[in-house]
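> turn this into a structure:
(one chain, ligands or ions: 1)
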Amino acid sequence: RERWLSKLTSGLRKTGTSISAVFVGNQIDEQLYEDLESALLMADTGVKATEYLIKEIRRRVKDSGVTHPVAVRNILIESLTQLLKPLEKALVIGEFQPTVIMVAGVNGAGKTTTIGKLTRHLANSGASVLLAAADTFRAAAREQLSIWADRNTVDIISQEGGDPAAVSYDAVTAGKARGRDVVLVDTAGRLPTQLHLMEELKKIKRVVQKADATAPHEVLLVIDGNTGQNALAQVKSFDEALSLTGLIVTKLDGTAKGGVLAAIALWSRERAASNPKLGTVPVYFIGVGEKLEDLETFNAREFSQALLA
Ligand code: GDP
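Next comes the predicted model:
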């Protein structure tokens, strides 16, 4: 845990240095708040979450009567931790057999790598996994997924040029027949022209549900933490189409845009407030490197501290 934390810290340092620089003076004045606002925006925290944090910090500074900028830094860590806390949640499997997990994400977000890591993580916890290569459009995607399957010695349902929904259906059926604990469905991140990605993904979801009325049990979106506000835009549009149940944020080992987690937390909170049935969208895992073991559970306090380390 120490090791990944240091990777996260050194990755986020790019974000953090500009934020930490705000607190080097010796008084809390309007300039400090202005600088903090700019630094948060630079870190891709976004207008809304930045406004929220500044307001929260002003209130806490006033209430506590602190006078030194270092105290403001600590207040920021506390406010951020509190905002991010609802994103913490463990991915639970075992309630269904198999637990069907559909994984979406635009090309390049790190989806395939993440599925490999997730397979390893699940296997380490004793679960048997079946992979479904539902990105049937890209031969490279299928090949890459089967490499991960080999590395993890799990089976894979794959069909060259087949229908993504049919492959998913077969995988869920096979998962049941073989008594697997988890079926991980890898979906396309981009389609050949004419076809609409969201329609394709919705179809996969519908057909999976036909194979098992309770499935999919999780609909996860993999986002690249290095794309900042663009990642938030992806979360919103995938959620609208698929009703996401969780996120995995990759590449936090080398980003200057770690503030986007705060923007996601605020969005997630507003989503839960507007529709309590849907609840918040947690961050089940974060990616902190390219290796199989570089997947970690999200911890709000550790993240906030790393961001300002
Ligand atoms: P996909 O197109 O979404 O399936 O993306 P890939 O899984 O092929 O990943 C795209 C690139 O991002 C590859 O070079 C991966 O090694 C890299 N990558 C994925 N996750 C991480 C991560 O957490 N940290 C770093 N540094 N690189 C990552």
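> only C-alpha atoms from now on, for both contacts and neighbour counts.
Noted.
> ok, which residues in the stretch 201-309 of the chain are in contact with the ligand?
With C-alpha under 6 Å from any ligand atom as the criterion, the stretch 201-309 of the chain meets the ligand at residues 250-251, 253, 287-290.
> buried subset of those?
250-251, 253, 287-289 (16 or more other C-alpha atoms under 10 Å).
> run through the residues of the stretch 51-200 of the chain sitting next to the ligand.
106-113.
> any quick ChimeraX command for the buried ones out of these?
Buried members of these, defined by 16+ other C-alpha under 10 Å, are picked up in ChimeraX with:
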select :106,107,109,110,111,112,113
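> quick one: which of the residues of the stretch 51-200 of the chain next to the ligand is nearest Ala262?
Taking C-alpha to C-alpha as the measure, Ala262 sits nearest to Ala109 out of those, at 19.0 Å.
> list the contacts of the nearest residue to the closest one once chain neighbours are set aside.
Once flanking residues are discounted, Ala109 sits nearest to Asp224: 4.7 Å by C-alpha to C-alpha, 6 or more residues apart in numbering. By C-alpha atoms under 8 Å, 6 or more residues apart in numbering, the contact set of Asp224 is 108-110, 231, 249-251.
> give me the lowest-pLDDT entry from the buried ones among the residues of the stretch 201-309 of the chain next to the ligand.
Among these, Asp253 has the lowest pLDDT, at 88.
> still on that earlier bit, how about a markdown table for the residues of the stretch 201-309 of the chain next to the ligand, with secondary structure added?
Listed next are those as a markdown table, based on DSSP: H, G, I helix; E, B strand; the rest coil:
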| residue | secondary structure |
| --- | --- |
| Thr250 | strand |
| Lys251 | coil |
| Asp253 | coil |
| Gly287 | strand |
| Val288 | coil |
| Gly289 | coil |
| Glu290 | coil |
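> and which of the residues you listed is nearest Ala273?
Nearest to Ala273 among these: Thr250, at 26.6 Å, using C-alpha to C-alpha.
> which element is Gln234 on?
Taking DSSP states H and E as the definition, Gln234 sits inside helix 229-242.
> quick one: contacts of that helix?
44-46, 198, 201-202, 205, 219, 221, 223-225, 244, 260, 263-264.
> tell me how far stretch 260-279 is from the chain's mean position?
Chain-centre distance of stretch 260-279: 14 Å, with C-alpha atoms, centre = their mean, to the nearest Å.
> go through it and flag the buried ones.
Buried positions in stretch 260-279, judged by neighbour count with 16+ other C-alpha under 10 Å: 260-269, 271, 279.
> touching, Gly25 and Thr67? I think so.
No. Assessed by C-alpha atoms under 8 Å, Gly25 is found out of contact with Thr67, at 11.3 Å.
> where does the stretch 51-200 of the chain have low pLDDT?
Low-confidence segments of the stretch 51-200 of the chain, defined by pLDDT under 70: 193.
> if we use 80, what do you get?
Counting by pLDDT under 80, the stretch 51-200 of the chain contains low-confidence ranges at 192-195.
> now the strands: where do they sit in the stretch 51-200 of the chain?
Assigned by DSSP state E, counting those that start in this stretch, the strands in the stretch 51-200 of the chain fall at 99-104, 129-133, 155-157, 182-186.
> same list (those) but as a markdown table, adding mean neighbour count.
Output for the strands of the stretch 51-200 of the chain, formatted as a markdown table (neighbours: other C-alpha atoms under 10 Å):
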| stretch | mean neighbour count |
| --- | --- |
| strand 99-104 | 25 |
| strand 129-133 | 28 |
| strand 155-157 | 19 |
| strand 182-186 | 27 |
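> excluding covalently adjacent residues, which one is nearest to Gln82?
Using C-alpha to C-alpha, 6+ apart, the nearest residue to Gln82 is Ala300, at 7.7 Å.
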